[in-house]
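S.K.: Sequence first, predicted model second:
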Amino acid sequence: MIGCDCMAEQNEVERCGFLFVHDDVVKKVMEEMPEESVLYDLAELFKLFGDTTRIRILYALFEAELCVCDIAQLLSLSQTAVSHQLRLLKASKLVKSRRDGKTVFYSLADNHVHSIIGQGMEHVEE
């Protein structure tokens with residue numbers, strides 16, 4: 001029964017000590033809260049960052065514009081695996097491509113993606 005007492009104590013810590021809603025703050029946040037569909041899209045975007053292979057590809061592209069062969073060699077992956085991940089990243093507008101003859105080069109889509117990767121690295125290296 002000691003375990004049960006600890007759980008109850010832990011639950012008490014997670015709750016307000018008394019019931020009082022700060023209406024002004026709640027109202028302000030509600031007014032600023034994006035539509036549910038926008039929040040869903042944001043969650044889907046962050047899911048893409050939850051895969052180590054995709055993060056490795058994004059970090060490689062953070063450093064330089066690369067073709068599929070370059071990325072496959074750099075990350076010791078098959079070209080098929082790299083192409084599959086690049087399709088997902090491109091569909092989510094995290095990566096863009098440009099053709100030079102028969103070769104397609106990939107890079108981060110814009111400065112926002114560059115900032116996300118850069119700030120993420122700063123955060124984990126603190």
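M.R.: All right, it came through fine.

S.K.: Ala81: neighbour count?
M.R.: Applying other CB atoms under 10 Å, we find 15 residues neighbouring Ala81. Every C-beta, even on glycine, is put in place using the N, C-alpha and C of the backbone.

S.K.: That one touches Thr53, doesn't it?
M.R.: Yes: between Ala81 and Thr53 there is a contact under CB atoms under 8 Å: 7.1 Å.

S.K.: so who does the closest residue to Asp51 other than its chain neighbours touch?
M.R.: In this structure, Asp51 finds its nearest non-sequential neighbour in Gln85, 7.7 Å apart by CB to CB, 6 or more residues apart in numbering. By CB atoms under 8 Å, 6 or more residues apart in numbering, the contact set of Gln85 is Asp51, Thr53, Arg54, Ile57.

S.K.: By neighbours, which of the residues you listed wins?
M.R.: Going by other CB under 10 Å, Ile57 tops the contacts of Gln85 with 26 neighbours.

S.K.: following whichever helix or strand it is part of, which helix or strand comes up?
M.R.: In the assignment (DSSP states H and E), Ile57 maps to helix 52-63. As assigned by DSSP H and E, the chain's next helix or strand after helix 52-63 is strand 66-67.

S.K.: Given that next one, what are its sheet partners and their directions?
M.R.: Partner strands for strand 66-67, per DSSP bridges, with pairing direction: strand 103-108 (antiparallel).

S.K.: Nice, that's everything, thank you.
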